[in-house]
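Chemist: fold the following for me, if possible:
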Amino acid sequence: MSEEFKARPVHLTPISLSLLFGILCTYLILLSPTEHYNVAPLPEGLFGAFGNACYFVILVGVGATLLYLLLKNKNHKMITIITAFALTTAIFTLSFIYLFAAFSLFPFPFMEFVALILSASITALADFAMFKIRSRICSLIVISLGGALGAFLGTSIPTLSTIFILCFLVIYDMFAVYHGPVGKIARNGLEKLHGLSFSFKNIQMGLGDLTFYSMLSGHMFINFGFLSCSASVIGILVGCFLSFKMLEKKGMLPGLPFPIILGLTLSLLVTLLI
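Modeler: Next up is the predicted model:
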């Protein structure tokens, strides 16, 4: 982070693009007649939501700790293998889900096969851009992946579990940045984790931040409608800008607390009022 960094509205551009792409993905799922997925391991309910939140936070924590240990030991080859496998799997799976959802609106013969071939092609091109060329298009891939993955999670997890997961992640993010593996990874250089972060005008952000922003807005859109979704987007963007303003004095800051708290609060208020 440059000492001369000044937060400006333009810094919200990649976040806005990711949110917009996530909403478009959510809208596609909403229109599609295909069955919605459910990736929450436990059934919805107070204890189930608590368990689901713990499950997702543990997954995030274990992943971040593993990457930090590999980075600390300078095992860059293993980092590349793990991130390449995870990103390849995510891009291929999400491409197939959204392409199949789009094709299902206008069914035609062998649409599953066509979706499979196109998904493999998209994945190959994305991998080539991220791990071979490593050009600016890598940031665009991360921005799009964050929106698509967040939309998938937002449409695949029930409301109470979504709220618990986001709140637990806010707490974890504050701990992980200041005392845990995320902050240590950031100090060692997020740019070394190709495909897991992006930079824009002196700001470095992780894929996880974009994913959980879109998870919130996508969930609000598909479950509570456009107004609740719009409120969440406004809250997220205002929260991000507040975080960027704080970055003028701090070199590092957790990306989830302000955007998620404001986005969740505004969207729930609008949901209750309409």
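Chemist: roughly how far does G45 sit from F100?
Modeler: 31 Å (CB to CB, to the nearest Å). Yep, even glycine has a C-beta here, placed from its N, CA and C like the rest.
Chemist: try N75
Modeler: 37 Å.
Chemist: do the same with V142
Modeler: Counting by CB to CB, the gap from V142 to F100 is 23 Å.
Chemist: quick one: residues contacting the residue nearest to M174 when sequence neighbours are not counted.
Modeler: Nearest residue to M174, sequence neighbours excluded (CB to CB, 6 or more residues apart in numbering): P254, at 5.1 Å. Shown in contact with P254 (CB atoms under 8 Å, 6 or more residues apart in numbering): D173, M174, A176, V177, Y178, V182.
Chemist: now with 7 Å, please.
Modeler: D173, M174, V177 (CB atoms under 7 Å, 6 or more residues apart in numbering).
Chemist: and which of the residues you listed is nearest S32?
Modeler: Using CB to CB, D173 is the member of the contacts of P254 that lies nearest S32, at 32.0 Å.
Chemist: wait, isn't that closest one in contact with L256?
Modeler: Yes - if you go by CB atoms under 7 Å, D173 and L256 touch, sitting 4.2 Å apart.
Chemist: where do the strands sit along this protein?
Modeler: Assigned by DSSP state E, the chain shows strands spanning 197-200, 203-206.
Chemist: helices of the stretch 101-250 of the chain, start to end?
Modeler: Assigned by DSSP state H, counting those that start in this stretch, the helices in the stretch 101-250 of the chain fall at 111-128, 137-156, 159-178, 181-188, 207-224, 226-247.
Chemist: figure out which of those helices is closest to L266.
Modeler: helix 226-247 (3.9 Å).
Chemist: find the nearest non-adjacent residue to E44, please.
Modeler: Closest residue in space to E44, ignoring its immediate chain neighbours: P158 at 4.1 Å, by CB to CB, 6+ apart.
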